[in-house]
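# Build the 3D model from these lines:
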Amino acid sequence: FTCPLCVYNELCQLGAEKPLNSRMYKYRGANFLPENRMTRELELHLDSFLRDQMRQKHRELGDDYDPTRFAKVKVRCVSNIERQISEATTKKNARLFAWLREQNNYRLNFKGRSKMILLFQEHGGVD
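As a prediction, this is how the structure comes out:
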């Protein structure tokens, strides 16, 4: 994932693009990235885990604990690629796939997905 503003700034420095207006530079944050069911579930579980950790730290440290350090975490899937795994792409892990084929009757030609999941945490109003 490459930040669109970073790409735009590089193009401006090279002289390939002219600035459109100041609205282009307004940072919107993780709230404006699309979310799906998987990211919502991950976000809920991660949030409950972090809250449990926060409570445990509060019990251990007592009054020395600073609860303002806890910030809500946002989970977003920024890339979802479906690809065909074939014998040509399994050359790197040939021994692993040979073992899987022998033990579990795995096929070497199947569809797979690659996902890039990013976690955002807000600090001082910025993700």
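
# all helices for the protein, in order.
Assigned by DSSP state H, the helices in the chain fall at 4-14, 37-61, 94-104.

# quick one: which of the ones you listed is nearest Lys111?
With C-beta to C-beta as the criterion, Lys111 lies closest to helix 94-104 of the helices of the chain, at 15.3 Å. Where you see a C-beta, it was placed from the backbone N, CA and C, and this is true even at glycine.

# rewinding a little: can you add mean pLDDT and mean neighbour count and give the helices of the chain back as JSON lines?
Conversion of the helices of the chain to JSON lines gives the following (pLDDT from 0 to 100; neighbours: other C-beta atoms under 10 Å):
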{"stretch": "helix 4-14", "mean pLDDT": "75", "mean neighbour count": "11"}
{"stretch": "helix 37-61", "mean pLDDT": "88", "mean neighbour count": "13"}
{"stretch": "helix 94-104", "mean pLDDT": "74", "mean neighbour count": "11"}
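
# Can you say which of these is nearest to Glu82?
The stretch from these with the least distance to Glu82 (C-beta to C-beta) is helix 37-61; that distance is 14.6 Å.

# Tell me which residues are up against the closest one.
By C-beta atoms under 8 Å, 6 or more residues apart in numbering, the surrounding residues in contact with helix 37-61 are Glu35, Tyr65, Pro67, Phe70, Lys72, Val73, Lys74, Val75, Arg76, Cys77, Ile117, Leu119.

# Switch those over to JSON lines; also include neighbour count and distance to Arg55.
Output for these, formatted as JSON lines (neighbours: other C-beta atoms under 10 Å; distance: C-beta to C-beta, whole Å):
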{"residue": "Glu35", "neighbour count": "15", "distance to Arg55": "26"}
{"residue": "Tyr65", "neighbour count": "16", "distance to Arg55": "10"}
{"residue": "Pro67", "neighbour count": "9", "distance to Arg55": "10"}
{"residue": "Phe70", "neighbour count": "16", "distance to Arg55": "10"}
{"residue": "Lys72", "neighbour count": "11", "distance to Arg55": "16"}
{"residue": "Val73", "neighbour count": "16", "distance to Arg55": "16"}
{"residue": "Lys74", "neighbour count": "20", "distance to Arg55": "21"}
{"residue": "Val75", "neighbour count": "22", "distance to Arg55": "21"}
{"residue": "Arg76", "neighbour count": "21", "distance to Arg55": "26"}
{"residue": "Cys77", "neighbour count": "16", "distance to Arg55": "29"}
{"residue": "Ile117", "neighbour count": "13", "distance to Arg55": "26"}
{"residue": "Leu119", "neighbour count": "14", "distance to Arg55": "21"}
